[in-house]
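*Asks:* quick one: sequence and predicted model below, then my questions.
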Protein chains: 2
Amino acid sequence: MYVVLIYDIPLEDGGARIQRNVFKICKKYLFHIQLSVFEGDISKVQLKQLKNELDKYIRKEKDSIIVFKSREKRWLEKEFYGKVDDITDNFL
Amino acid sequence: MYVVLIYDIPLEDGGARIQRNVFKICKKYLFHIQLSVFEGDISKVQLKQLKNELDKYIRKEKDSIIVFKSREKRWLEKEFYGKVDDITDNFL
């Protein structure tokens, strides 16, 4: 399964720490392609693990994570407008 | 064609104005589902128009917009962790 994960974690009330943790967790499973966007091939089981790890940190009433799932990577074409992001390990 | 569009526009050097313009343009063609995320059904021609409009504003060396394209909406499943976003018209 191919997924795109996008998080929106407001900075207020300790959001920065949550952002850092969410970032680290996502990076274990997926590739970082834009500020708060990850993508990658992942199994159902791994995605479940990822979700469980994230659930420990995210605030149900404030933080939002969207996961788009595609059965096949080739069904999802990607295009960049503007700068092609090259963020990899330089966030933390 | 079903697309997910995610923008990353740093605030420095007048980024706020660019963000507002990008937001307005995206909203003409797609639905706003998270802070800087839009999705929707769009034709090839409309997507080209959208890109042309965005190109007038985005800074090639700073701003990044990623568009994921799926031929069919049903090929792209969406899941929310945490807060289900209900941002619609309250950004501007």
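*Replies:* Cool, got the structure. Numbers count the residues shown, from 1 in each chain, chains lettered A, B, ... in the order given.
*Asks:* give the contact list for A:V37.
*Replies:* Each residue near A:V37 by Cβ atoms under 8 Å, 6 or more residues apart in numbering or on different chains is listed here: A:V4, A:L5, A:I6, B:I6, B:D8, B:I66. Backbone N, C-alpha and C define where each C-beta goes, glycine included.
*Asks:* list the beta-bridge partners for it.
*Replies:* Using DSSP bridges, the bridge partners assigned to A:V37 are A:I6, A:Q34.
*Asks:* please enumerate the strands of chain A.
*Replies:* Using DSSP state E, the strands of chain A run over A:2-8, A:31-34, A:37-41, A:64-70, A:76-82.
*Asks:* can you redo those strands as JSON lines with mean pLDDT?
*Replies:* Formatted as JSON lines, these follow (pLDDT from 0 to 100):
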{"stretch": "strand A:2-8", "mean pLDDT": "96"}
{"stretch": "strand A:31-34", "mean pLDDT": "94"}
{"stretch": "strand A:37-41", "mean pLDDT": "96"}
{"stretch": "strand A:64-70", "mean pLDDT": "96"}
{"stretch": "strand A:76-82", "mean pLDDT": "92"}
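*Asks:* hmm, back to that, which of the contacts of A:V37 ranks first by neighbour count?
*Replies:* Of all the contacts of A:V37, the highest neighbour tally under other Cβ atoms under 10 Å in any protein chain shown goes to A:L5, namely 27 neighbours.
*Asks:* sorry, back to before: dump the strands of chain A into CSV; add distance to B:R74 as well.
*Replies:* Formatted as CSV, the strands of chain A follow (distance: least, Cβ to Cβ, whole Å):
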stretch, distance to B:R74
strand A:2-8, 15
strand A:31-34, 24
strand A:37-41, 20
strand A:64-70, 11
strand A:76-82, 13
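*Asks:* so which of those strands comes closest to A:L47?
*Replies:* For the strands of chain A, proximity to A:L47 was assessed by Cβ to Cβ; strand A:2-8 is nearest, at 6.7 Å.
*Asks:* who does that closest one touch, helix- and strand-wise?
*Replies:* Contacts defined by 3 or more Cβ pairs under 8 Å, 6 or more residues apart in numbering or on different chains; DSSP states H and E place strand A:2-8 against helix A:15-29, strand A:37-41, strand A:64-70.
*Asks:* what's the burial count for A:I9?
*Replies:* Neighbours of A:I9 (other Cβ under 10 Å): 25.
*Asks:* related to what we said a few turns ago, export the helices and strands packed on strand A:2-8 to TSV and tack on distance to B:K60?
*Replies:* Putting these into TSV (distance: least, Cβ to Cβ, whole Å) gives the following:
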stretch	distance to B:K60
helix A:15-29	26
strand A:37-41	19
strand A:64-70	26
